[in-house]
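In: This is a predicted model, with the sequence first.
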Amino acid sequence: MTIRSRDFDTCVHAAKDSDPLTGAVVKPIHTASTYEQKAPAEHLGYDYSRADNPTREAYEKALAAVEVAQHGLAFSSGLAAEQAVIQLLDPGAEVIVCDDVYGGTGRMFRTLFAKYDLKFHFVDMSNLDNVAAALNEKTRLVWVESPTNPLLKVIDVVGVAKLLKGKDCQFLVDNTFASPVFQSPLELGASIVLHSSSKYIGGHSDLIGGALMVNDPKLFQSLKYVQFAAGAIPSPMDCHLFHRSLSTLAIRMKKHEENAFAVAEFLETHPKVDVVFYPGLESHPQHAIAKEQMRGFSGIVSFKLKGNYEDVKTFLAKLRMFRLAESLGCVESLVNHPEKMTHASVPEKMREHLGIDSQLLRLSVGIESSESLVSDLQNALN
Ligand SMILES: *Cc1c(COP(=O)(O)O)cnc(C)c1O
């Protein structure tokens, strides 16, 4: 599909104005934890780097710009960003979450937050009637991931926004899989966008971080307060590296998508493959919604191999280009076995219900040549 010209431009230029002191075209990394004050509480806007740091500030401006948001906030991990959102809730609040949410998100809700008198309803959001049925006067947050992990279900973000219109309820979309380049949830009616920047935004398997983007200034102030008061901030060095990674986000996404299409189309025609999940394929059950709300289908392809788990292990052992590892969204291609790896913490019943079984594999398709990737899969399948 098409990436907007603004995304190529913004990724390269966002918050990269030259340093006024030296003219340096790259912003300096401010490592200071504290700042000298002229008189008590008289300073240049910085007093302690947990609260504000110039390197983080520049990166946060860039985050807002790429997501076309008013405000961006950086956290030390995707889960730390998620935790900041949950910390806005009062005891007794209810949250509606899509059922095949990222494994770590579900684990945090179930094992850490359910005990604080917060109720989490996990529902299949591919049918919006399920969301409507779970909504009540205590619902304060609806949590959508789209496309979902690992089955790449696409949830109708505009449809969910319509259900929440006029309600005292935040609407969060975890946009990690699509990246800001392929989907703009704030334009579709979400109030909070979340990213695990450890994935596409970082893009090189060498950083852990999270991000929140919002438009509402009051919501921004509340979240910034949690960031300051709870303290899950990334280091200035990490902020610099993330900011640098943003420069190539659009061009990386273009190649990720091109390769993912080649891989998905190849797998779909292979006799040893049972089923392929990729929102860009016409065979995908929510392909129409994906086309409507996304500008591209991103770089994750899941599929099920025919046969049994032994066949899966043989296949994995034969792959050369796709390395067996968790995580996704990086330049190198990875393969993951959700049942035994990323989704091992999902309750077994839930896994069965979702279709996460021994035959399911998830590919994070990198930016190598599509010919090499397809031929690697072909060799391993043979
Ligand atoms: C990885 C991931 C997270 C968690 O982010 P971390 O940076 O690992 O803490 C949340 N949501 C999605 C969709 C993810 O892929």
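Out: That came in fine, so what should we check first? Just so it is clear, the structure is predicted and the values come from calculations on it, not from any experiment.
In: okay, now the domains of the protein?
Out: Listed domain ranges for the chain are 5-246, 251-381 (source: automatic domain parsing).
In: would you list the ones you listed in a markdown table and tack on mean pLDDT?
Out: Shown next, in a markdown table, are the domains of the chain (pLDDT from 0 to 100):
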| stretch | mean pLDDT |
| --- | --- |
| domain 5-246 | 96 |
| domain 251-381 | 96 |
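In: Now tabulate those domains in CSV and tack on mean neighbour count.
Out: Using the backbone N, CA and C atoms, a C-beta is placed for each residue, glycine as well. Shown next, in CSV, are the domains of the chain (neighbours: other C-beta atoms under 10 Å):
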stretch, mean neighbour count
domain 5-246, 19
domain 251-381, 19
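In: Turn the ones you listed into CSV, including distance to the ligand.
Out: Shown next, in CSV, are the domains of the chain (distance: least, C-beta to the nearest ligand atom, whole Å):
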stretch, distance to the ligand
domain 5-246, 2
domain 251-381, 6
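In: dump the residue contacts of residue 28.
Out: Residue 28 sits next to 19, 54, 55 when contact means C-beta atoms under 8 Å, 6 or more residues apart in numbering.
In: and it, backbone torsions?
Out: The phi/psi pair for residue 28 (degrees, to the nearest 10) reads phi -70, psi 160.
In: and the gap between it and residue 248?
Out: As judged by C-beta to C-beta, to the nearest Å, residue 28 and residue 248 stand 21 Å apart.
In: same thing with residue 241?
Out: 12 Å.
In: Isn't residue 217 up against residue 223?
Out: No. Taking C-beta atoms under 8 Å as the definition, residue 217 is not a contact partner of residue 223, at 10.8 Å.
In: For the chain, just list every one of the strands.
Out: 71-75, 94-98, 119-123, 139-145, 170-174, 192-196, 210-214, 273-277, 300-305, 323-324, 334-336, 360-364 (DSSP state E).
In: Let me have those in CSV, adding distance to residue 85 as columns.
Out: Formatted as CSV, the strands of the chain follow (distance: least, C-beta to C-beta, whole Å):
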stretch, distance to residue 85
strand 71-75, 10
strand 94-98, 10
strand 119-123, 13
strand 139-145, 7
strand 170-174, 6
strand 192-196, 6
strand 210-214, 7
strand 273-277, 27
strand 300-305, 23
strand 323-324, 32
strand 334-336, 26
strand 360-364, 25
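In: Out of those strands, which is closest to residue 41?
Out: Closest of the strands of the chain to residue 41 is strand 71-75, at 24.0 Å (criterion: C-beta to C-beta).
In: How about residues contacting that closest one?
Out: The contact list for strand 71-75 (C-beta under 8 Å, 6+ apart) reads 56, 59-65, 81, 84, 197, 209-215, 217, 220, 223-224, 227, 232-234, 239, 242.
In: Which ones among the residues you listed map onto helices?
Out: Residues of the contacts of strand 71-75 located in helices (DSSP state H): 56, 59-65, 81, 84, 217, 220, 223-224, 227, 239, 242.
In: can you give me the angle the helix ranked longest in the chain makes with strand 360-364?
Out: Longest among the helix segments of the chain by residue count, using DSSP H, is helix 249-269. Helix 249-269 and strand 360-364 are oriented at 150 degrees to each other (axes from the mean of the first three to the mean of the last three C-alpha atoms, to 10 degrees).
In: Does anything pack onto helix 249-269? Which helices or strands?
Out: The helices and strands touching helix 249-269, judged by 3 or more C-beta pairs under 8 Å, 6 or more residues apart in numbering; DSSP states H and E, are helix 5-13, helix 179-182, strand 273-277, strand 300-305, helix 370-381.
In: Adding distance to residue 344, write those out as JSON lines.
Out: Below are these laid out as JSON lines (distance: least, C-beta to C-beta, whole Å):
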{"stretch": "helix 5-13", "distance to residue 344": "35"}
{"stretch": "helix 179-182", "distance to residue 344": "26"}
{"stretch": "strand 273-277", "distance to residue 344": "20"}
{"stretch": "strand 300-305", "distance to residue 344": "16"}
{"stretch": "helix 370-381", "distance to residue 344": "23"}
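In: looking at the chain, which residue lies furthest from center?
Out: residue 39 (43.1 Å; C-alpha atoms, centre = their mean).
In: Give the full set of residues in contact with the most centrally placed residue in the chain.
Out: Centroid-nearest residue in the chain: residue 176, 1.4 Å away (criterion: C-alpha atoms, centre = their mean). By C-beta under 8 Å, 6+ apart, the contact list for residue 176 reads 78, 102, 145, 194, 195, 196, 199, 200, 329.
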